[in-house]
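Novice: Sequence and computational prediction follow.
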Amino acid sequence: MAHFRQSRNIEASVIDRIKEILNEVGFTSNVEKTFTQAYEVSLPVIVVRVGETAHPAAEISTTATRRKVQVLIDIFASNDGQRLDFKDCLIEYLKEGITYYEYTTGNSKFQQKIKNGLLKVSIDGDNQVFPDIDKSTLEEHDRNRHLVVLSVSLGQIE
């Protein structure tokens, strides 16, 4: 069995939470990890990926840091109203925090997840992608796309 490292655990924890949120509110959407997968399924679809990671010093005169991870959530909606509903719903629930799990895998599948904390979440922004471009010139998946940017931290000193 293999164990995910912290960045992959964060990504998988966010994906799991988004799936839970969508189920709770009755929204239907695929949740994926890559753009390639997003363009291969029907709308709506949400893509979660880890962006930049910062390691600011946690204490003076040591190498200890507190990891701060940027999580990018791309929403590919069927229409403008759905785009707005999805982004508002996700922001409402995600800013409460996300349960952090540590995952183990085997045979390319999740075998086990163990709860090991709470990710603190701040919303760094949410923007429509391609707002000034004629939608008829864009591929269907990009016409009503939105990006939500989170900063997440487990609060642990590394």
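Specialist: All right, it came through fine. This is a predicted model, so every value here is computed, not measured.

Novice: what residues are up against the spatially most central residue of the chain?
Specialist: With distances taken as C-alpha atoms, centre = their mean, Val48 lies nearest the centre of the chain, 3.8 Å away. Contact analysis of Val48 by C-beta atoms under 8 Å, 6 or more residues apart in numbering lists Glu11, Val14, Ile15, Ile18, Val31, Glu32, Lys33, Val71, Leu72, Ile73. All C-beta atoms are positioned from the backbone trio N, CA, C, and that covers glycine.

Novice: tell me which of those residues is nearest to Val148?
Specialist: Nearest to Val148 among the contacts of Val48 is Ile73, at 4.3 Å by C-beta to C-beta.

Novice: ok, which stretches of this structure are strands?
Specialist: With DSSP state E, the ranges of strands along the chain come out as 2-3, 30-32, 45-54, 68-76, 98-106, 109-128, 145-153.

Novice: Filter the contacts of Val48 down to the buried ones, ChimeraX style.
Specialist: The following ChimeraX line selects those of the contacts of Val48 that are buried, judged by 16 or more other C-beta atoms under 10 Å:
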select :11,14,15,18,31,32,71,72,73
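
Novice: could the contacts of Val48 go into JSON lines alongside distance to Ile60 and pLDDT?
Specialist: Formatted as JSON lines, the contacts of Val48 follow (distance: C-beta to C-beta, whole Å; pLDDT from 0 to 100):
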{"residue": "Glu11", "distance to Ile60": "31", "pLDDT": "95"}
{"residue": "Val14", "distance to Ile60": "32", "pLDDT": "97"}
{"residue": "Ile15", "distance to Ile60": "36", "pLDDT": "96"}
{"residue": "Ile18", "distance to Ile60": "37", "pLDDT": "97"}
{"residue": "Val31", "distance to Ile60": "41", "pLDDT": "94"}
{"residue": "Glu32", "distance to Ile60": "42", "pLDDT": "91"}
{"residue": "Lys33", "distance to Ile60": "38", "pLDDT": "89"}
{"residue": "Val71", "distance to Ile60": "29", "pLDDT": "97"}
{"residue": "Leu72", "distance to Ile60": "32", "pLDDT": "97"}
{"residue": "Ile73", "distance to Ile60": "35", "pLDDT": "98"}
